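*Asks:* Model the structure of this input:
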Amino acid sequence: MTHKRLRSRSTWRFLLALAVSGAAMWLANPACAVYAIAQYGEPKYPADFKHFDYVNPDAPRDGTLVLANPNRLTSFDKFNPFTLRGNPAPGLGLMFESLTTGSSDEVASAYCLLADDIDVAPDGLSTTFHINPKARFSNGDAVTAEDVKFSLDTLKSPQALPQFSVYFGQIARAVVVDRLTIRFEYKVATREMPLLAGGMPVFSRKWGMRPDGTRIPFDQLAFEKPIASGDYLIDKYDNGRTISYKRNPNYWGASLPVRVGTHNFARIDYKLYADAVARLEAFKAGEYDVLVENVAHSWVRRDIGKRFDNGELIKREFPHHNGAGMQGFFINLRRPIFRDVRVRQALDLALDFEWLNRQLFFNQYKRTDSFFSNTDLQAKGKPGEGELAILEPLRGQLDPAVFGEMPRQPDTDPPGSLRADLIKARELLAQAGWTYRDGALRNANGQPFVFELLDDSGGGTSMEAVAAAFGRNLQKVGITMKFRTADFALVQKRLDAFDFDMTTVRLPDVQVPGTEQLSRFGSSYADQQGSDNLVGVKSPAIDAILRRVISAQTREQLTDATRALDRVLMNGYFVIPHWYSASHRIAYRSDLGYPATLPLYFAADEWVLSTWWKKPSAASR
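*Replies:* Next up is the predicted model:
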């Protein structure tokens, strides 16, 4: 299985992916305004390109796509995906656009969307975007530079999710040059900044404006419909359980090359189910159209039945080239029992991946052994020359193990064994002051080693079986682990408040690491509730390496800095890594079509939304 619940709300993460996962940077010699920028070399597509290669420009543009709740969200209470409080409705990313957008067959590129040209200053300290005069919000108003400035100022304010102040924190200000021209000025000249600015979600200044001219505070917006520029509008919703979007008949950008062949459904409906079992049975009963399956056991044993047998429902695995990201049990260093690295390493030794892969996962997974698995950014062996140039000045602050071979995850296949791993775990725990007596592992004060694993998967899932196996192994060294499941909303609330011992998380993939790493591991965010620094790491050495990642000017510098970061994080044992797959498992109705050419880097849900279509019925042909 792959536990796909992202750390936070999927909608705003998808929006930030515009700025981060496709983070294109300024060109080596940016002398004039351009239609696109790329991190290294040139953009793949020329100035006169008609559409991306991975879309079908002739796809039918009709029909309704019905989807279930993503990430086990069971209800929603707002239409604002950019604030901390509450649960945003699924699909809101369909409504928001940015000045630029990336392509899914390049790791780092950005093409004009709301903007129609981009001018990066030679010193890299500012980027000027000209807004397409045709760009319109859903209320018919033109998109202006004032709206872009308002969006930035709002997202950087305390009323928005704290992650936005991280992503856009190095933007000093946005300057309105004229009605359709906006200039972003940066505190530092990093190669990431032009795309972070270009990928920022843009919305109207009138969103939340009352008829009398007063404004509803941004963090209090609930069911006020967003005024944004995307090609879908909210049509109707009911009781926080269903929501329907319809294509805006007046959408301004349908003929743009970056939009041709995309968003082909006339309507998109979401139905939110109470749990995973009800969700799966509803799909098999034909209540919705696409199931992205993240549980290996279900894919083999449960995603079966009459509709699969008669061809009405189809199962297929779609390969991708995404970085694997990091999925695992995240450990909260704010809890005293976890502060000793030897304790965390001992916990890592108790997870028997090989047994899990055989018994639960049908050998469908590979073990995650890096925060950047499945990419050339993963650290391997001993540090290279470029890594050492970063690590040596920090030697006094780092574990000496960082300068040796990269740690290997435990392997219980012969000649390895779980028994040998648990013996080593007990030795590490003893070194950290934990010894077995009176029926439990105890510290010097006699307190037993007990902790809670918090998860939102629900009962009867493969994660429950994983937790049971993990708990049995821990019990053999005297540790008691309590497995607690709760509703997604409650789990999210506890994570935002850092009120957990250990939890199951999957960090979103990134092809080009950048500012998002600061939010995940930067010291200044360890105490900021709602931030992505779940583990609570505070390390000046890691902060220094993060600055090298963000300021990298060449691919080689980025690679060295990312590998150095990976090396320090893996030796810190902040996470007990899980597993990954290099393909997406998707079950879908046979009346859906998708392009013959697959993108290289894509999330399954967004790919379906953006490029699939409904096949015409026989009666309409």
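*Asks:* can you count the residues close to the closest residue to residue 442 other than its chain neighbours?
*Replies:* Leaving out its chain neighbours, the residue that sits closest to residue 442 by CB to CB, 6 or more residues apart in numbering is residue 448, at 5.5 Å. For every residue, glycine as well, the C-beta is placed using N, CA and C. Residues lying near residue 448 (other CB atoms under 10 Å) number 16.
*Asks:* Which strands and helices lie in contact with the longest helix belonging to the chain?
*Replies:* In the chain, taking DSSP state H as the definition, the longest helix is helix 555-572. If you count contacts as 3 or more CB pairs under 8 Å, 6 or more residues apart in numbering; DSSP states H and E, helix 555-572 packs onto helix 341-349, helix 385-391, helix 515-521, helix 540-551.
*Asks:* Isn't the residue nearest to residue 442 up against residue 440?
*Replies:* Yes. The criterion here is CB atoms under 8 Å, and residue 448 meets it with residue 440 at 4.1 Å.
*Asks:* okay, and the common contacts of those two?
*Replies:* Residues touching both residue 448 and residue 440 by CB atoms under 8 Å, 6 or more residues apart in numbering: 478, 480.
*Asks:* after the longest helix of the chain comes which helix or strand?
*Replies:* As assigned by DSSP states H and E, the chain's next helix or strand after helix 555-572 is strand 575-577.
*Asks:* so what's residue 402 closest to, chain neighbours aside?
*Replies:* residue 571 (5.1 Å).
*Asks:* need the contact list for that neighbour.
*Replies:* By CB under 8 Å, 6+ apart, residue 571 lies in contact with 341, 399, 401-402, 407.
*Asks:* Could you measure from it over to residue 565?
*Replies:* Distance of residue 571 to residue 565, given as CB to CB, to the nearest Å: 11 Å.
*Asks:* same check, this time on residue 575
*Replies:* For residue 575, the distance to residue 565 (CB to CB) stands at 14 Å.
*Asks:* Give the helix, strand or coil label for residue 413.
*Replies:* coil (DSSP: H, G, I helix; E, B strand; the rest coil).
*Asks:* Phi first, then psi, for it.
*Replies:* Main-chain dihedrals, residue 413, degrees, to the nearest 10: phi -70, psi 140.
*Asks:* Can you give me the neighbour number for the closest residue to it other than its chain neighbours?
*Replies:* Excluding its sequence neighbours, the residue lying closest to residue 413 (CB to CB, 6+ apart) is residue 354, at 5.1 Å. By other CB under 10 Å, the residues close to residue 354 number 16.
*Asks:* before we move on, what about the one 3 residues further on?
*Replies:* Residue neighbour count, defined by other CB under 10 Å, stands at 18 for residue 357.
*Asks:* Need the pLDDT of it.
*Replies:* Per-residue confidence at residue 357 stands at 94 (pLDDT).
*Asks:* and it, what does it touch?
*Replies:* The contact partners of residue 357, taken as CB under 8 Å, 6+ apart, are 363-365, 367, 579.
*Asks:* Residue 370 now?
*Replies:* Applying CB under 8 Å, 6+ apart, we find residue 370 in contact with 324, 326, 378-379, 406, 566, 570.
*Asks:* again, only this time at 6 Å
*Replies:* Residue 370 sits next to 378, 566 when contact means CB atoms under 6 Å, 6 or more residues apart in numbering.
*Asks:* go on, residue 440?
*Replies:* Here residue 440 is in contact with 448, 478 (criterion: CB under 6 Å, 6+ apart).
*Asks:* And the most far-flung residue of the chain relative to its centre, how close does it get to residue 474?
*Replies:* What lies farthest from the middle of the chain is residue 438; by CA atoms, centre = their mean that is 44.2 Å. Noted for residue 438: a distance of 17 Å to residue 474, by CB to CB.
*Asks:* ditto for residue 304
*Replies:* Distance from residue 304 to residue 474, counting by CB to CB: 34 Å.
*Asks:* Have a look at the two and say which one is more surrounded.
*Replies:* Shown here are residue 304 and residue 474; by other CB under 10 Å, residue 474 has more neighbours (22 against 15).
*Asks:* Dihedrals phi and psi, that one?
*Replies:* phi -60, psi -40.
*Asks:* tell me the pLDDT at it?
*Replies:* pLDDT recorded at residue 474 is 98.
*Asks:* so residue 69 makes contact with residue 271?
*Replies:* No. Residue 69 is not in contact with residue 271 according to CB atoms under 6 Å; the separation is 7.2 Å.
*Asks:* Those two: which is more packed in?
*Replies:* residue 69 (21 against 18).
*Asks:* Tell me who's in contact with the more buried one.
*Replies:* Listed by CB under 6 Å, 6+ apart, the contact partners of residue 69 are residue 272.
*Asks:* can you check residue 162 too?
*Replies:* Residue 162 is in contact with 528, 530-531, counting by CB under 6 Å, 6+ apart.
*Asks:* And it, how close does it get to residue 532?
*Replies:* Note on residue 162: its distance to residue 532, by CB to CB, is 9 Å.
*Asks:* how about the helices in the stretch 101-250 of the chain?
*Replies:* In the stretch 101-250 of the chain, the segments counted as helices under DSSP state H, counting those that start in this stretch are 145-155, 162-167, 193-198.
*Asks:* Phi first, then psi, for the residue most central in space within the chain.
*Replies:* The centroid of the chain falls nearest to residue 508 when counting by CA atoms, centre = their mean (2.6 Å). Here is the backbone geometry of residue 508 (degrees, to the nearest 10): phi -60, psi 150.
*Asks:* Return the distance of the residue nearest to residue 587 when sequence neighbours are not counted relative to residue 303.
*Replies:* With sequence-adjacent residues excluded and distances taken as CB to CB, 6+ apart, residue 587 is closest to residue 291, at 4.4 Å. According to CB to CB, residue 291 stands 7 Å off from residue 303.
*Asks:* List the residues that contact residue 47.
*Replies:* Residue 47 makes contacts with residue 35, as judged by CB under 6 Å, 6+ apart.
*Asks:* Low-confidence regions, the stretch 451-600 of the chain specifically.
*Replies:* Scanning the stretch 451-600 of the chain with the threshold set as pLDDT under 70 gives 458-461.
*Asks:* Residue 106 and residue 44 touch, don't they?
*Replies:* Yes. Using CB under 6 Å, residue 106 is in contact with residue 44, at 5.1 Å.
*Asks:* now the strands for the stretch 301-450 of the chain?
*Replies:* In the stretch 301-450 of the chain, the segments counted as strands under DSSP state E, counting those that start in this stretch are 313-319, 326-331, 366-367, 435-437, 440-442, 450-455.
*Asks:* Using CSV, lay out those together with distance to residue 36.
*Replies:* Shown next, in CSV, are the strands of the stretch 301-450 of the chain (distance: least, CB to CB, whole Å):
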stretch, distance to residue 36
strand 313-319, 26
strand 326-331, 30
strand 366-367, 34
strand 435-437, 62
strand 440-442, 57
strand 450-455, 42
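*Asks:* Between the ones you listed, which one is closest to residue 413.
*Replies:* Checking the strands of the stretch 301-450 of the chain against residue 413 by CB to CB gives strand 366-367 as the closest, at 10.9 Å.
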